[in-house]
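>>> Requesting a structural model of the entry that follows:
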Amino acid sequence: MNGGTVKQVHGLAGSPQPDQSQLGPLVTLETKDVPMEGVVLLEGYGSSWLKPRVLCSVESAARAHPDIPVTLLMTSRNVSDTALLQALKTEFPNLQLLHLEVDHLFRDSILEYWYKERMWEHSYWPKSHFNDILRWLILERYGGIYLDLDALVLRSLSSLPNSAGLESDKWVAAGVLKFSPGHDVIRGCIERIAEHFDGTVWGANGPEVLTEVLVHTCALRLPSGETPKCKDVKVMSPRAFYPIPWWDWKRYVTENEDLSRELLNDESVFALHVWNLHTQNTKVDLMSNQPYASAARVLCPTTVNHSGSYL
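As a prediction, this is how the structure comes out:
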């Protein structure tokens, strides 16, 4: 498995803490079911402060999908109600933040035993692998569009069929997904994890399991992405969600006006997965022609307006 798959993250673990001027009052999040077949993002690390880069992704999702609910699920029971968050909730009536009741999500699933026995604690990366499992259960129950918190959405994914995207010639990534509730592919991922949870490889419970299930269930052909046994599933080319591969991540944060324009104007690009594990410690100069900055100015302008010089 390549380095992009091994080190793919879901959320922003290890991000710097905010200074006091960025904090708002803590408010308690409501706990209720997620709307079926909407857009879901997950903050599964228990943080109550949402970094502007996270809210840029959330804003881009809400802006691209104004007619369906967009939900940010948080394992924290509280959220810091910053001026930026207030502005986004006012601007996007389709956006809501909810507390994810993890006990409820696992109850009566085939991973309930895994959860009760706290099997993720045997992982080398317990929080990341726990988030992997949450993603599959959320999609299995509610369906819809799942987005990593480091995915910037350029255009609506609503018209796509059940979809995932190649990140390379060998692996189907799990950072952008669209599936109907209870789909066989998602159930297959859950069943394989229940049978053999692997805590020794970073991407084992994300891209690796998804690729294996697509090969087994849909006769996935690589590198074409064809799925002859699953007519209702489309595996998109890397261009759709991962137009810059993980090994070229620096291109997102290096001045390049031509690349910025190319990514934003290419109708085959639906989202930009910006590989947070690699980019999180590099400043995004919002006045620059870094592709990340150029995308932010277009896709999350409210976040940009609240973020000063850097994202």
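
>>> element containing the nearest residue to L264 once chain neighbours are set aside, please.
Leaving out its chain neighbours, the residue that sits closest to L264 by CB to CB, 6 or more residues apart in numbering is V298, at 6.0 Å. Yep, even glycine has a C-beta here, placed from its N, CA and C like the rest. Element membership for V298 (DSSP states H and E) is helix 291-299.

>>> Report all helices and strands that that helix contacts.
Where contact means 3 or more CB pairs under 8 Å, 6 or more residues apart in numbering; DSSP states H and E, helix 291-299 is packed against helix 52-64, strand 151-153, helix 257-265, strand 271-273, helix 301-305.

>>> Show me what the first one is packed up against.
Where contact means 3+ CB pairs under 8 Å, 6+ apart, helix 52-64 is packed against strand 39-43, strand 70-74, helix 83-91, strand 144-147, strand 151-153, helix 291-299, helix 301-305.

>>> Now do the contacts for C218.
185, 227-230, 233 (CB atoms under 8 Å, 6 or more residues apart in numbering).

>>> follow-up on the earlier one: among the helices and strands packed on helix 291-299, show me which one is buried the most.
With neighbours defined as mean count of other CB atoms under 10 Å, the helices and strands packed on helix 291-299 peak in mean count at strand 271-273, which reaches a mean of 27.

>>> What strands line up against that one, and which way round?
Sheet pairing for strand 271-273, assigned by DSSP bridges, gives strand 151-153 (antiparallel).

>>> what about stretch 98-106, how long is it end to end?
17 Å (CA to CA, to the nearest Å).

>>> any idea of the mean pLDDT in that stretch?
For stretch 98-106, mean pLDDT is 95.

>>> How about residues contacting that stretch?
The contact list for stretch 98-106 (CB under 8 Å, 6+ apart) reads 28-32, 34, 42, 44, 71-77, 112, 114-116, 134, 137-138, 141.

>>> Which members of those residues are classed as buried?
By neighbour count, with 16 or more other CB atoms under 10 Å, the contacts of stretch 98-106 hold 29, 34, 42, 44, 71-76, 114-115, 134, 137-138, 141 as buried.

>>> with those residues in mind, which one is nearest to L149?
Proximity of those to L149 (CB to CB) peaks at L42, which lies at 7.4 Å.

>>> ok, now how distant is that closest one from E101?
The gap separating L42 from E101 is 13 Å, by CB to CB, to the nearest Å.

>>> What does E267 show for phi and psi?
Torsion angles at E267 (phi, psi; degrees, to the nearest 10) stand at phi -70, psi -10.

>>> what number of residues lie near V235?
Neighbourhood size, V235 [other CB atoms under 10 Å]: 23.

>>> So what's the predicted local confidence for it?
Per-residue confidence (pLDDT) for V235: 98.

>>> and it, helix, strand or coil?
strand (DSSP: H, G, I helix; E, B strand; the rest coil).

>>> for the one 4 residues further on, same thing?
Put simply, R239 is helix when judged by three-state DSSP.

>>> For it, grab the count of nearby residues.
15.

>>> what do you get for D198?
16.

>>> Apart from its chain neighbours, what residue comes closest to it?
Nearest to D198 is A204, by CB to CB, 6+ apart, at 3.8 Å.

>>> circling back: may I see the buried residues of the helix holding V298?
For helix 291-299, a neighbour-count test (16+ other CB under 10 Å) marks 291-297, 299 as buried.

>>> what's the span of stretch 171-184, first residue to last?
OK, stretch 171-184 end separation, CA to CA: 19 Å.

>>> what's the offset of it from the middle of its chain?
Centroid separation between stretch 171-184 and its chain, computed with CA atoms, centre = their mean, to the nearest Å, is 11 Å.

>>> What residues of it count as buried?
Using 16+ other CB under 10 Å as the test for burial, stretch 171-184 gives 171-180, 183-184.

>>> returning to what we had before: most neighbours of all the contacts of C218, which one?
Within the contacts of C218, V185 tops the neighbour count with 25 neighbours, counted by other CB under 10 Å.

>>> what's the neighbour count on L160?
So L160, with other CB under 10 Å, has 15 neighbours.

>>> Now it. Its backbone dihedrals?
phi -70, psi 150.

>>> Skipping its backbone neighbours, what lies nearest it in space?
K178 (5.4 Å).

>>> contacting residues around that neighbour?
Contacts for K178 (CB under 8 Å, 6+ apart) come out as 144-146, 157, 160-164.
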